[in-house]
Structure formats: structure tokens, C-alpha cells
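Q: build me a model from this:
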Amino acid sequence: MSSSQRAYAMLREQLLRSKFMPNQKINEVVLANDMEISRTPLREALNRLVAEGLLVDRGRGFSVPGLEPDMVFDLFEARLEIECATVRLACERASDEDLQALSEFLEESMAESPDASVDRLIELDIRFHDTIAELSGNTVLRQTLSNLNDRIFLIRWIAMDGRRERTQLQHRQILDCLCARDVPSAMAAMREHILFRNEDILSAIKAAYGHVYTLSAG
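A: So this is what the prediction gives:
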């Protein structure tokens, strides 16, 4: 793995885990020293993260995106439309064997320990949705969804807390519609499942700021 790739992987993980504050300016000198790499590979990693929407290029440096409601709403709206598209295509294209495998995975995830961490629940949730995207047969939609999930990771992490049972029941409903090849019902179930009400997103944003500041204080 090159220095640039290593820096990218490390920074991406730190961004997803909220190791930086929203709108925080990135100190390239400190990062380069901490990672023991030169500024050139670090800059390559930073520019790659900008392209993915995980950092912002301010012209005179890089910073972490904020959690402005308008942008977060746009990201969730985009996720909603893509998830509806992938579930529609999966209804049409997934084989019975593929859906059986997804059903078995869902059974395993529902049997996960009640003490499972939110990180584990998010991992299972993302895998469920990514599998549907894979079954859609559209690589671009799947890649776009993956990027959107990265950009709203913190909000999804916050929203998952206390929603395990509801989330799993909704996953089962979506899968039942998929197995029935019922496109309208599958899309309706997906729309119901995706966090999209303005008040819910605003509440999650507020909680996300509190979470990040608590981590920073600790």
C-alpha cells in the first residue's frame, strides 16, 4: 500500500468515526508528521476525500464538512431516490437464490446479540442495503449509494440508536416485497424505512453535534 493510500484509509476511517469536528480545518503539517509521510502523498489523499465529499477544499486548505440541514436533507433525499431505484431493479433482476441468501443473512442479523454495538448494527444495516444495490445489477447506483452512506454515516449512527427492532422489522417487510416481486410495495416499504422526515433529520443533526463534542471533550 502506498503512502497516499495509507493516508487515505486512515483519514477516511477517522472522518467516519467523527475524530474531527464539523467544519474543522485540517492541519496538514500535523497530519503529515503524525503519519510520517510527506505533504505530497497526504495532499493526494486529501484531494481524493474531497472528491468523495468527505472533505471540503476551501482554496487555502481543507476542512471537514459541516452538518448544515439543507445539505443533510439533500443527501438523504438522494439516498431515498437511489434506494427506491435499487429495490425496484432488484425486484426485477434478483434470482430466487439471491433473495434466499439475503433472507438467510437477515435471519442471522436479527439473531445478533441484544448487546450488539451501534457500530455492529450499522454494519449489518449497510450490508442489507448494499446487497439490494448489488442485486439491482447497476454498479453506478451501488457505488453512489456507498458514497452517500459514507457522507451521512454519523447521522445514520445517531439515528440507529434505539431503532434496532423497528429497523429489522422494516428490513423484513422490504425483503417480503422483494420475494413477492411486488415493485410498488417494495418501493413504498423502502420510502417508509429511509429516515427522511425533516424533524427526524434535524433531531439527528442536533444529537450528532452533541456526540461529536462529547468525543472531543473526552
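Q: for the chain, which spans come out with low pLDDT?
A: Scanning the chain with the threshold set as pLDDT under 70 gives 215-218.
Q: which strand or helix spans the spatially most central residue of it?
A: The centroid of the chain falls nearest to residue 149 when counting by Cα atoms, centre = their mean (2.1 Å). Assigned by DSSP states H and E, residue 149 belongs to helix 139-151.
Q: chain center to the helix or strand containing residue 107: distance?
A: Following DSSP H and E, one finds residue 107 within helix 96-110. Centroid separation between helix 96-110 and its chain, computed with Cα atoms, centre = their mean, to the nearest Å, is 21 Å.
Q: please apply the same query to stretch 116-132.
A: That offset, for stretch 116-132, works out to 9 Å (Cα atoms, centre = their mean).
Q: same question, stretch 167-185
A: 21 Å.
Q: and for stretch 81-88?
A: 15 Å.
Q: which residues in the protein form strands?
A: Remark: strands assigned in the chain by DSSP state E are 56-57, 62-63.
Q: hey, which helix is longest across this structure?
A: As assigned by DSSP state H, the longest helix anywhere in the chain is helix 69-93.
Q: helices and strands around that helix, which ones?
A: Contacts defined by 3 or more Cβ pairs under 8 Å, 6 or more residues apart in numbering; DSSP states H and E place helix 69-93 against helix 118-135, helix 139-151, helix 164-179, helix 183-193, helix 198-217. The way it works is simple: take the backbone N, C-alpha and C, and place the C-beta from them, glycine included.
Q: what's the angle between it and helix 139-151?
A: Angle of helix 69-93 versus helix 139-151, following axes from the mean of the first three to the mean of the last three Cα atoms, to 10 degrees, is 140 degrees.
Q: buried residues in helix 69-93?
A: 72, 75-76, 78-80, 82-91 (16 or more other Cβ atoms under 10 Å).
Q: equivalent analysis for stretch 132-147, please.
A: Result for stretch 132-147 [16+ other Cβ under 10 Å]: buried residues 132-136, 138, 141-142, 144-145, 147.
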